[in-house]
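Enquirer: Next input, structure requested:
(2 chains, ligands or ions: 2)
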Amino acid sequence: MAKIIVVTSGKGGVGKTTSAAAMSTGLALRGKKTVVLDFDVGLRNLDLVMGCERRVVYDLVNVIQGEAGLNQALIRDKRVDNLFILPASQTRDKEALTPEGVAEVLAQLKEDFDYVICDSPAGIESGAQLAMYHADEAVVVTNPEISSVRDSDRILGLLSAKTRRAEQADEPVREHLLITRYNPDRVDSGDMLTLDDIREILAIDLLGLIPESEAVLRASNQGVPVTHDAESDAGLAYADAISRLIGEDVPLRFHEARKKGLLSRMFGGGHR
Amino acid sequence: MKLLDFLKRERKQSAPVAKERLQIIVAHQRSQQGQPEYMPKLERELVEVIRRYVDVDDDAVQISMDSEDSCSVLELNVTLPRE
Ligand SMILES: Nc1ncnc2c1ncn2[C@@H]1O[C@H](COP(=O)(O)OP(=O)(O)OP(=O)(O)O)[C@@H](O)[C@H]1O
Ligand SMILES: [Mg+2]
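Expert: Numbers count the residues shown, from 1 in each chain, chains lettered A, B, ... in the order given. Ligands and ions are numbered 1, 2, ... in the order given. The predicted structure follows:
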C-alpha cells in the first residue's frame, strides 16, 4: 500500500512543483515505485518540469470522468524506471475534480505504488484541500519570507482539520517542513529569516533545506528534475530530503554561507 | 570587526522584525483554529456595535469559543480606552 504525500504551501510560486518533481524522481531512483500527480487543474506545470509535456494524451480529469483508464493516462518517465506522471487538465475548470473521483483514483494508485506524490495548487481553497485530503504525510514547502511562513501555518491548520485523517480521527497527517530558495548570504546580512526562525515559528520537523540555486532554473528549462543534476547544490539537497523521508538520518548542509576569499570579502560588494 | 562589516551593520536588519511579526500572526491564526467559521465576522460586527458607544481600536475585541460536551461558552474580551 502506497504512502500518499501531498506537497503543499498555501502561497504560490514557492517551489511545490519543483519539489514534487525532484522528490518523486529521487524516490524512484531509490527503487520505490512512485507516481506524481498534478492537482493544478487549468494551470498544469508538472509535465513541463518532468519533461513529458509532449507525451500528455489523457489527464486526471479524463480519468475521473471515465473518458480514459488510469493506465492510459499514466505517463511512464523516460529516465527512471518505476516513475509515473499523471498530468492535470489544462482546459477544464477546477470543478471537474470531484472529491469522489479523486478518492477513487487515489485508492487505485495506492494498490500499485509505494509512493503517491500529490503536487498541490497554490491557495487554501478546494483545489488545495482536495490535494491534501487523502494524504498520509505532507511536505509543507516554505520560503524564508514572511508571507510564505504565514501561509504555511494556515496550511498546517487545514492539515489538522480538513483531511481524511482529521475527519476520521485517525492518526494525524505527518507534517514535514521543506524550506526552499534559502540564501545563506542574505540570512547572514540579517535580511532573510533564518532556518531556526522558521523552525521555531512553524514547529514541525525539518525534512530539508534547498538553497536558492541556478540549477533549478536550468533543470526546468531542460525538463529534467534537478535531482538528476547530482553535482548541484539543489540536487544534493533534495537527495538529502529524500533520505530523511525514507527514514535515514543525514546531516544538514547548504545552510551556511560559503566562505569567501579575502579579496572578495574586501571588494565583493553586496552581502557576505 | 572589519570596517566593512561595521558599516554594513549600520543598516537595521529586517529579518528579526519579520520574525516578531510572524510570531504574533501565527499565535493569532492558531487561536482561531477549530473555531466556528462565523467567528471572524462576529468579531468584526461586535467591534462595530461597541464603536457606536466607545471609540475602540480594531483589535479591541477578542472572542473565543470553548466547547465542552454539553455546552459552548463564548468568551468576549473588550479592551476599552482610558477615559
Ligand atoms: N531552490 C530554488 N532556487 C531557485 N529557483 C527556484 C527554486 N525553487 C523553485 N524555484 C523557481 O521558482 C519558481 C516557482 O517554482 P514552482 O513552479 O516549483 O513553484 P510552485 O509552488 O509549484 O508554484 P505554483 O504555486 O504556481 O504551483 C520557478 O521559476 C522555479 O524555477
Ligand atoms: Mg506548481
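Enquirer: what ranges do the strands span in chain A?
Expert: A:3-8, A:34-38, A:75-76, A:83-86, A:115-119, A:137-142, A:174-182, A:205-211 (DSSP state E).
Enquirer: so which of the ones you listed comes closest to A:E125?
Expert: Smallest distance to A:E125 across the strands of chain A (Cβ to Cβ): 12.3 Å, for strand A:3-8. C-beta: built from backbone N, CA, C; applies to glycine.
Enquirer: ok, that closest one near ligand 1 or not?
Expert: No. If you take Cβ under 6 Å from any ligand atom as the test, strand A:3-8 misses ligand 1, and the best it gets is 8.1 Å.
Enquirer: With stretch A:85-96 instead?
Expert: No. Figure legend: stretch A:85-96 not in contact with ligand 1 (Cβ under 6 Å from any ligand atom); closest approach 10.5 Å.
Enquirer: buried residues in that stretch?
Expert: For stretch A:85-96, the neighbour count (16 or more other Cβ atoms under 10 Å in any protein chain shown) marks A:85-90, A:92, A:94, A:96 as buried.
Enquirer: Over to stretch A:67-74?
Expert: A:68, A:70, A:73-74.
Enquirer: who's in contact with A:A161?
Expert: Each residue near A:A161 by Cβ atoms under 8 Å, 6 or more residues apart in numbering or on different chains is listed here: B:33-34.
Enquirer: Distance of the closest residue in space to B:Q33 that isn't next to it in sequence relative to A:L207?
Expert: Nearest-residue entry for B:Q33: A:G157, 4.7 Å, with adjacent residues in sequence omitted and distances by Cβ to Cβ, 6 or more residues apart in numbering or on different chains. According to Cβ to Cβ, to the nearest Å, A:G157 and A:L207 sit 19 Å apart.
Enquirer: between those two, who's got more neighbours?
Expert: More crowded of A:G157 and A:L207, by other Cβ atoms under 10 Å in any protein chain shown: A:L207, with 22 against 18.
Enquirer: Let me have the buried residues of stretch A:67-74 in CSV, extended by distance to A:S152 and pLDDT.
Expert: Below are the buried residues of stretch A:67-74 laid out as CSV (distance: Cβ to Cβ, whole Å; pLDDT from 0 to 100):
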residue, distance to A:S152, pLDDT
A:A68, 35, 94
A:L70, 32, 96
A:A73, 31, 96
A:L74, 30, 97
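Enquirer: Inside helices: which ones of those residues?
Expert: A:70, A:73 (DSSP state H).
Enquirer: Tell me the residues of chain A that contact ligand 2?
Expert: Counting by Cβ under 5 Å from the ion, the residues of chain A close to ligand 2 are A:16-17, A:45.
Enquirer: How many neighbouring residues does the residue nearest to A:R79 when sequence neighbours are not counted have?
Expert: Of all residues beyond its chain neighbours, the one nearest A:R79 is A:H228 (6.8 Å), with distances taken as Cβ to Cβ, 6+ apart. For A:H228, the count of nearby residues is 17 (other Cβ under 10 Å).
Enquirer: And the one 10 residues further on, by the same measure?
Expert: Look at A:Y238: counted by other Cβ under 10 Å, it has 29 neighbours.
Enquirer: That one contacts A:A230, doesn't it?
Expert: No. Counting by Cβ atoms under 8 Å, A:Y238 does not reach A:A230; the two are 9.9 Å apart.
Enquirer: for B:D55, what are its contacts?
Expert: Applying Cβ under 8 Å, 6+ apart, the residues near B:D55 are B:P81.
Enquirer: hang on, I meant A:P184
Expert: A:211, A:254-258.
Enquirer: Can you report phi and psi for B:Q62?
Expert: phi -120, psi 130 (degrees, to the nearest 10).
Enquirer: right, is stretch A:2-9 up against chain B?
Expert: No. Stretch A:2-9 does not reach chain B (Cβ under 8 Å from any Cβ of the partner chain); its nearest approach is 15.2 Å.
Enquirer: Pick the most deeply packed of the strands of chain A.
Expert: strand A:34-38 (a mean of 28; mean count of other Cβ atoms under 10 Å in any protein chain shown).
Enquirer: On the pLDDT front, check the nearest residue to B:D58 once chain neighbours are set aside for me.
Expert: Of all residues not flanking B:D58 in the chain, B:V47 sits nearest, at 6.6 Å (Cβ to Cβ, 6+ apart). Confidence at B:V47, expressed as pLDDT, is 89.
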